[in-house]
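[1] Have a look at this prediction, sequence included:
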Amino acid sequence: MLQAPKSSPKDITDISSTCFKLNSIQLRTLLENYRPAHDERLIPQELINNVAAVAENTADELMRSSGQEIQLEEDPELQLPFLLPDDGYSDEVIRGVPPGLKEFLDPLCATGLCRLNVQPKSSGLWTVYQENFKQIGSYKS
C-alpha cells in the first residue's frame with residue numbers, strides 16, 4: 001500500500017483489495033500519517049474517507065460479525081499457533097547465496113543501506129564470523 005498510487009478515485013479499489021485485512025481505523029491512521037515522497041502529492045482527504053468507508057463495509061463488518069472490536073492496535077495475543085513457513089525455510093546449514101537474495105538486496109545495496117559480500121570459500125556456518133571478545137581486544141579505560 002505504501003508504494004501504490006494514492007491520489008485518484010481509481011486507487012481506492014487497489015488499496016482496499018491490497019489491505020483487506022486492515023480495518024477502517026487502521027487504514028485511516030496509516031493514510032493520514034503517510035508522508036509522501038518528494039515526487040508524490042499529499043493524499044486527498046476525500047480518498048482517505050472513501051478507503052475508510054470501504055473498509056467499514058468489508059473488514060469492519062467481518063470483524064464485528066466474529067465478535068472482534070474495531071480498534072487501531074492489534075491484540076498482542078493473536079491466538080495464532082507458531083508455524084514455521086513451508087516455503088524457503090531451512091533449519092539446515094545453507095551454503096552459497098540463496099536464490100533471489102542478490103536480486104532482493106540489489107536496490108538496498110544501490111542506495112548504500114547494505115552490502116552483499118559473497119564468501120565462496122566459507123564453510124557455510126554463520127558463526128565463523130563471530131569472534132571471542134578477548135581475540136578482538138579488550139576495553140581499556
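    Received it, and whenever you're ready, just let me know what you need. Numbering: from 1, shown residues only.

[2] Could I get the contacting residues of residue 24?
    Residues in contact with residue 24 (CB atoms under 8 Å, 6 or more residues apart in numbering) are 52, 53, 55, 56, 59, 60, 70. For glycine as for every other residue, the C-beta is placed from the backbone atoms N, C-alpha and C.

[3] ok, the second one - how many residues close by?
    Pointing back at residue 53 there. Residues lying near residue 53 (other CB atoms under 10 Å) number 15.

[4] before we move on, what about the third one?
    Taking other CB under 10 Å as the criterion, the count of residues near residue 55 is 25.

[5] So what's the predicted local confidence for it?
    Note for residue 55: predicted pLDDT of 92.

[6] hmm, back to that, just name the closest of the contacts of residue 24 to residue 122, please.
    For those, the closest approach to residue 122 (CB to CB) belongs to residue 59, at 46.2 Å.

[7] Name the SS class of the closest one, please.
    At residue 59 the chain is in helix, as set by DSSP: H, G, I helix; E, B strand; the rest coil.

[8] mean confidence for stretch 21-32?
    91.

[9] and it, which residues are buried?
    By 16 or more other CB atoms under 10 Å, the buried positions in stretch 21-32 come out as 22, 23, 24, 25, 26, 27, 28, 29, 30, 31.

[10] wait, the fourth one sits on residue 69?
    Read that as residue 25. No - assessed by CB atoms under 8 Å, residue 25 is found out of contact with residue 69, at 10.2 Å.
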